[in-house]
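Asks: structure for this input, please:
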Amino acid sequence: MTNASPAPIILAFRSGVTAMGIDASAALSDPGVRLAVSAAAEIAPEEIAGEEVAFESVRFEGEVRGSPDSARVEGTLRCEARARCALCLGEASLPIEARIDEVFSRDAKGTDAYPLDGDVIEPVEMFREALILALPMRFLCKDDCLGLCPKCGSNRNEGECACPRGDEPD
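Replies: Residues are numbered from 1 along each chain as shown. Below is the predicted model:
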């Protein structure tokens, strides 16, 4: 990932979560305790491979387990991702589901863990990375999208054009 700032995320949480992030104090002070977490987030559109992708209805359901120096967040992140169809350039919408199993550590330097400062887990970067990694290589409005006519540019999903079909490129 780049060092650029993550896309702005507004977190609206229930059960053990603050506006700033997930309150992991109970899990950190009592190892083995599992805290249920339910969260919703609004994520600004992200440019990925030159295409804008919008993440809508982002929801996380999972749990936090801790030890004195780290906390593990496990659960499922779901959203509806919207982008242009790779073939017809119309709107494409796909449900995205990403499994989260990440560690936040007070000493995250040189590890794959996310940094943990105090008792609050800030899931912004974790959510953003998980959603980006779960995206398909390309978006299609439907599996059998006919795309655009290479001669006149009309959307073949909306009807046939008058162009001859025999000499089209493959």
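Asks: okay, buried residues for the longest helix along the chain please.
Replies: With DSSP state H setting the assignment, residue counts place helix 124-134 as the longest helix in the chain. For helix 124-134, the buried set under the neighbour-count rule, 16 or more other Cβ atoms under 10 Å, comprises 124, 125, 126, 127, 128, 129, 130, 131, 132, 134. Where you see a C-beta, it was placed from the backbone N, CA and C, and this is true even at glycine.
Asks: so for the chain, the centremost residue is which one?
Replies: If you average the C-alpha coordinates of the chain and look for the closest C-alpha using Cα atoms, centre = their mean, you land on residue 131, 1.9 Å from that point.
Asks: state the distance from it to residue 43.
Replies: The span separating residue 131 from residue 43 equals 7 Å under the rule Cβ to Cβ, to the nearest Å.
Asks: overlap of the contact sets of those two?
Replies: Common contact partners of residue 131 and residue 43 (Cβ atoms under 8 Å, 6 or more residues apart in numbering): 55, 58, 79.
Asks: out of those residues, which one sits closest to residue 118?
Replies: Relative to residue 118, the closest of the shared contacts of residue 131 and residue 43 is residue 58; by Cβ to Cβ it sits at 24.3 Å.
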